[in-house]
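Enquirer: no FASTA, just this:
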């Protein structure tokens, strides 16, 4: 695929999966914001599109092992295989990670909350809302949407897919709010180990959810509807 500044971010992430590393590095939204051109996305972040294109090229030139899962393009894979990948690499880890992050968020807010009450209260509330939303969202996908796609009824899933995409937009907004509250996850010098682990965990959650949503919004859902 020949990519240019006018190519949509979601298209780039779909055709060149390692581009997501570059997008994550620079805070470029390639999931919910995948409809923007690279030039538009770069302007939002104060970046030069040509420099980002150069980094994407370097990521693919430096790829040592073409069999690595992260480098795989899912455009042609069977839909059932893509669903299995999403479940094992995103749903199952999320089911374990969300309660762990909740425990740390409550602990840090309880111990350090008086240091910045508004920030810690907002962060905990935003995270708990996101956690509840994600848990319900994954349940709906696993019990309704994914079985329909597996049974060859993807063309009948326009309504549930619209609902899932709306959930993704909401999750994206929550992730942006968490990053804003946490000052881009810059760790204070005197932060305790739990606070440091929480900031790291939330940043990792953001990256994972961006990849997760990209696979669904830009690959699984369009292919299912066209099947």
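Expert: Nice, I can see it. Note that the structure is predicted; figures quoted are calculated from it, not measured. Numbering: from 1, shown residues only.

Enquirer: contacting residues for residue 80?
Expert: 149-150 (Cβ atoms under 8 Å, 6 or more residues apart in numbering). Every residue, glycine included, has its C-beta placed from N, CA and C.

Enquirer: Give me the pLDDT value at it.
Expert: Model confidence at residue 80, given as pLDDT, is 96.

Enquirer: Name the residues of the helix or strand hosting it that come out as buried.
Expert: If you go by DSSP states H and E, residue 80 is part of helix 79-86. Under the neighbour-count criterion of 16 or more other Cβ atoms under 10 Å, helix 79-86 has 79, 82-83, 85-86 buried.

Enquirer: and residue 114, which of the three is it?
Expert: Following DSSP: H, G, I helix; E, B strand; the rest coil, residue 114 is assigned to helix.

Enquirer: since we're on it, how many residues are nearby?
Expert: 9 (other Cβ atoms under 10 Å).

Enquirer: give me phi/psi at residue 29?
Expert: The phi/psi pair for residue 29 (degrees, to the nearest 10) reads phi -80, psi 110.

Enquirer: wait, what's in contact with the residue nearest to residue 174 when sequence neighbours are not counted?
Expert: Excluding the flanking residues, the one nearest residue 174 by Cβ to Cβ, 6 or more residues apart in numbering is residue 130, at 4.2 Å. Residue 130 sits next to 171, 174-175, 178 when contact means Cβ under 8 Å, 6+ apart.

Enquirer: Make JSON lines out of the residues you listed and add distance to residue 8.
Expert: Listed next are the contacts of residue 130 as JSON lines, based on distance: Cβ to Cβ, whole Å:
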{"residue": "171", "distance to residue 8": "20"}
{"residue": "174", "distance to residue 8": "24"}
{"residue": "175", "distance to residue 8": "21"}
{"residue": "178", "distance to residue 8": "26"}
